[in-house]
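[1] I would like the atomic coordinates for the input below:
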Amino acid sequence: MKRSFCNIAKRFALRTLKQKRGVALIASMMIMASLTLLGLWGVTSSLIDNMITLNYRSNTESFYAAEAGIERAREYLRGLDFKTELIKAAGSDNQLVNSKDINSFPGDDIPIYSNVTIGNSSYTVYITNDADDGVTNVNDTNDRITITSFGYGPSSSLSVVQGIIKKPEISFSSPAPIVLLGPGVQQFEPGNSNSFFINGNDTAGGESVPAIIVSNEQAKQTVENGCEPRCDQIQGAGQVIPSVAADPGAISQAGLDSIENLRNILKIMKAHADFTSTSDPGFHLGTEDNPSVVFIDGSFDSISVDSKSGHGILVVTDTLTFRGDFTYNGVILVVGRGNFIRYGAGTGTINGSIIVADIDGLDGIPLNADDAFEPARFFTAGGGDSKINYNSDLINNPLKNDAPWLLALTQKY
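    Numbers count the residues shown, from 1 in each chain. Prediction:
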């Protein structure tokens, strides 16, 4: 009986051990399966992440390529007639593709750039009219057109970007080479050289204007007193020497008669400025082929830049100081504190117009209740044969060779 009980106990123990071994095996297999699934998930997740990264990179490259096409087209269209370019782009049917539907490209339109390589990407660029004129119409009536750029990146990625561009439209109608606004002139000294010259005879071939225009007779008297003994070097319309006119009507016609108008001009200039600081990357004052709008909210001294010339529009809200041989073609606005200063002998020439106005009031702080016209200041010291010439072309369209402005940019695909 004792042996039988022992046998039973042994058999039960063996059976229990086998059962535990079975459970352990199953548990081990489940753990191995879980680890395998976890590993597969990790590999799959990594592959997906890599695919997403590569896809994002490819799409980004194609987008940048499309943007580069827009900028290349703007540069190409600098100074060109839009209607002529649209006719060239329309192809044999004289009808432009419907750029509202990117699937309609290319039709028989001729791209202005085709498969231009940039790194690992490329772009193809088309131009069509804007919506107001009808995108398929070759007749441009408002100096606005549409640029559609197809950017092709790695892994067959594609981006389509459209931009609406417009010819630069900033223009002025300055009535004289020097315009001094306000109730009087705080100081006027044109220089102490027998060779300097202020010329109201239009060097662009238009009608002559007074060399200097001011707001009232008091300001005129200050200018005439200040130009002695060289008043004969200030010439312009009529036979009067010096050629100075108190002409509020001409000032009003040019839209320079109110603080509100001048503030609006400053707002427009700042909005379209290429540079607002001499520390801006690539800062320059412009050239004939690449004019610039420079807006300096404060004072500016030409000694702070390497260039001795500029072209376009220069706006300074405090004191503008030119030195020596500095030459400028276009419009100069010294509006805010209204201080124009020129030092040193030299042969620098300003072609266009200089407009000087103190509109910040007695406290010198803009945009408050104190704002009012105060006497402007125009001071030149030193000799030399510097000249200020009226040029209606440079005044009416100082940015005619500038690249078209980008009004809107939209990613279509």
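[2] roughly how far apart are Ile241 and Gly206?
    Per CB to CB, to the nearest Å, Ile241 is found 21 Å from Gly206. Backbone N, C-alpha and C define where each C-beta goes, glycine included.
[3] again, but for Tyr343
    From Tyr343 across to Gly206, the span is 31 Å (CB to CB).
[4] do Thr319 as well
    31 Å.
[5] Those two: which is more packed in?
    More neighbours surround Thr319 than the other of Thr319 and Gly206, with 17 against 14 (other CB atoms under 10 Å).
[6] For that one, give me its contacts.
    Each residue near Thr319 by CB atoms under 8 Å, 6 or more residues apart in numbering is listed here: 299-300, 334, 337, 339-341.
[7] Now do the same for the residue nearest to the spatial centre of the chain: its pLDDT.
    Nearest to the geometric centre of the chain sits Asp274, at 4.1 Å (CA atoms, centre = their mean). In this model, Asp274 is scored at 90, pLDDT.
[8] from what I can see it touches Thr287, true?
    No - counting by CB atoms under 8 Å, Asp274 sits too far from Thr287 to count as a contact (12.0 Å).
[9] gap between the two ends of stretch 134-143?
    13 Å (CA to CA, to the nearest Å).
[10] for that stretch, which positions count as buried?
    For stretch 134-143, burial by neighbour count (16 or more other CB atoms under 10 Å) applies to 135-138, 140, 143.
[11] can you list contacts of it?
    Contacts of stretch 134-143 (CB under 8 Å, 6+ apart): 82-83, 86-87, 90, 94-100, 128-130, 132-133, 146, 166-167, 169.
[12] go again using 10 Å as the cut-off
    For stretch 134-143, the surrounding residues in contact (CB atoms under 10 Å, 6 or more residues apart in numbering) are 81-90, 93-101, 104, 107, 109, 128-130, 132-133, 145-146, 148, 165-169, 404-405.
[13] distance between that stretch and the chain's centre?
    Relative to its chain's centre, stretch 134-143 lies at 24 Å (CA atoms, centre = their mean, to the nearest Å).
[14] and if you look at stretch 184-203?
    For stretch 184-203, the distance to the chain centre is 33 Å (CA atoms, centre = their mean).
[15] how about that stretch as CSV, C-alpha atoms only?
    The C-alpha trace of stretch 184-203 is given here as CSV (Å, rounded to 0.1, in the frame of the first residue of the first chain):
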residue,chain,number,x,y,z
GLY,A,184,9.0,128.3,-44.6
VAL,A,185,12.6,127.2,-45.1
GLN,A,186,14.7,126.9,-42.0
GLN,A,187,18.0,127.1,-44.0
PHE,A,188,19.0,127.2,-47.6
GLU,A,189,22.6,127.1,-48.7
PRO,A,190,23.2,125.7,-52.2
GLY,A,191,27.1,125.6,-51.9
ASN,A,192,30.0,127.9,-52.2
SER,A,193,31.4,126.9,-55.6
ASN,A,194,31.2,128.9,-58.8
SER,A,195,30.6,125.6,-60.6
PHE,A,196,27.6,124.1,-58.9
PHE,A,197,24.3,124.2,-60.8
ILE,A,198,20.6,123.7,-60.1
ASN,A,199,18.9,123.2,-63.4
GLY,A,200,15.1,123.2,-64.1
ASN,A,201,15.6,122.6,-67.8
ASP,A,202,14.4,119.0,-68.3
THR,A,203,17.3,116.9,-69.4
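[16] Residue ranges in the chain under the pLDDT threshold?
    Applying pLDDT under 70 to the chain picks out residues 1-28, 33-35, 37-54, 171, 345, 382-383.
[17] Repeat the analysis, applying 80 as the threshold.
    By pLDDT under 80, the weakly predicted segments of the chain are 1-56, 169-172, 191-195, 238-239, 324, 344-347, 363-364, 366-369, 381-385, 400-401.
[18] Show me the domain layout of it.
    According to automatic domain parsing, the chain comprises the domains 1-170+403-413, 178-396.
[19] For the ones you listed, state which one has the densest average packing.
    Greatest average neighbour count among the domains of the chain goes to domain 178-396 (a mean of 19), per mean count of other CB atoms under 10 Å.
[20] Return the residues in contact with Gly205.
    Listed by CB under 10 Å, 6+ apart, the contact set of Gly205 reads 391-393.
[21] change it to 6 Å
    By CB atoms under 6 Å, 6 or more residues apart in numbering, the contact list for Gly205 is empty.
[22] Going along the chain, name the helices of the chain.
    All helices of the chain, identified by DSSP state H, fall at 2-76, 82-90, 217-226, 248-253, 259-271, 392-396.
[23] The closest residue to the residue nearest to the centre of the chain other than its chain neighbours pairs with what?
    Spatially, and ignoring its direct neighbours in sequence, Asp274 is nearest to Ser292 (4.5 Å; CB to CB, 6 or more residues apart in numbering). Ser292 forms beta bridges with Gly312, as assigned by DSSP bridges.
[24] any idea how far Ser292 is from Pro168?
    Using CB to CB, we find Ser292 at a distance of 11 Å from Pro168.
[25] My guess is Ile165 contacts Pro404. True?
    Yes - judged on CB atoms under 6 Å, Ile165 makes contact with Pro404 at a distance of 4.0 Å.
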